[in-house]
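Q: The following block contains a protein sequence and its predicted model.
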Amino acid sequence: MTRRRPPTRRRNRRPSRRQQRDAQLLALAAAAAAGIGLVVMLVNFLLTHWWILIVALVLAVLAGAAWLYHRQQQAQWDAVRAQGLRYGLPQLDALHYSRFEDAVREPMHRDGCRDAQRVGGRGDLGADVKATDPFGRRWVIQCKHRRNGAQGSPVGTPDLQVLNGTARQVHGADVAVIVTNGRVTGPAVTFARQQRLHVVDRQTLAVWASGSRPLWELLRAVPPPRRLTS
């Protein structure tokens, strides 16, 4: 009997470079076709729902305007800080109200209140800036910014009533102050004097912001120091 030879195994032939290149081209063509199809579908969708383009354009314009406004405010605030924390009323008038609160905090820190901080915002209960002066007195400041400066609406008695109701009872203030770059009504000044509140109006703010004297040297009837300093 003759023995049969075992069948020889066929070796798997690897695809040639040309075949690999053709496969890659086919894959790229399929991807391109799919991309073109998606673009066509998107264009048809936007043509049918044209209002989406208008909404997107409005949102883009609003986002751009907000970005430009933020850059402008940042530039104005940088200009304030570049002058060694001494600035004039036109600069204060041009600030956003939140930057105005920063502009009140910085001179307090400049004058020796190392813990001066801005706490204004939603739910601040009448306190925008808090600080402890070198004599141990706790300051609570409410800021009222007027975009039009002296031409804006004046600070009235209701604003002082909010400060009077929270400065000492809630925030533990020794000195309760309201600061504005605008005007203050006569009844508000009278109410502040009766309730031992302090008012920094436009004129006092100009002296404090552009000079080097601390605020407690510009106000009358400030409580005595809690502690002596060297």
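A: It's in.
Q: Could you use CA atoms for every contact and neighbour count after this?
A: OK.
Q: Report the residue spans of the chain with pLDDT below the cut-off.
A: For the chain, the stretches with pLDDT under 70 are 1-15, 73-85, 123, 227-230.
Q: Which residue ranges of this protein form helices?
A: For the chain, the helices defined by DSSP state H cover 17-48, 51-82, 89-94, 97-110, 157-166, 186-194, 202-210.
Q: Counting neighbours, what do you get for Arg99?
A: Arg99: 18 surrounding residues under other CA atoms under 10 Å.
Q: What distance do you get for it to Asp128?
A: 11 Å (CA to CA, to the nearest Å).
Q: If we ignore the residues flanking it in sequence, what's nearest the residue nearest the centre of the chain?
A: By CA atoms, centre = their mean, the mean C-alpha position of the chain lies nearest to Ser98, the distance being 6.8 Å. Nearest residue to Ser98, sequence neighbours excluded (CA to CA, 6 or more residues apart in numbering): Gly120, at 7.8 Å.
Q: So the one you found sits against Asp128, correct?
A: Yes. Counting by CA atoms under 8 Å, Asp128 is a contact partner of Gly120 at 3.7 Å.
Q: intersection of neighbour lists for these two?
A: Glu101 (CA atoms under 8 Å, 6 or more residues apart in numbering).
Q: Who does the closest residue to Gly172 other than its chain neighbours form a beta bridge with?
A: Counting by CA to CA, 6+ apart, the nearest residue to Gly172 once its immediate chain neighbours are dropped is Arg138, at 7.3 Å. Listed by DSSP bridges, the beta-bridge partners for Arg138 are Thr132.
Q: and Arg138, what does it touch?
A: With CA under 8 Å, 6+ apart, Arg138 has these contacts: 130-132, 172-175.
Q: Take the residues you listed and write them to JSON lines, including distance to Ile52 and neighbour count.
A: Shown next, in JSON lines, are these (distance: CA to CA, whole Å; neighbours: other CA atoms under 10 Å):
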{"residue": "Lys130", "distance to Ile52": "47", "neighbour count": "23"}
{"residue": "Ala131", "distance to Ile52": "50", "neighbour count": "23"}
{"residue": "Thr132", "distance to Ile52": "54", "neighbour count": "21"}
{"residue": "Gly172", "distance to Ile52": "53", "neighbour count": "13"}
{"residue": "Ala173", "distance to Ile52": "53", "neighbour count": "19"}
{"residue": "Asp174", "distance to Ile52": "56", "neighbour count": "20"}
{"residue": "Val175", "distance to Ile52": "55", "neighbour count": "21"}
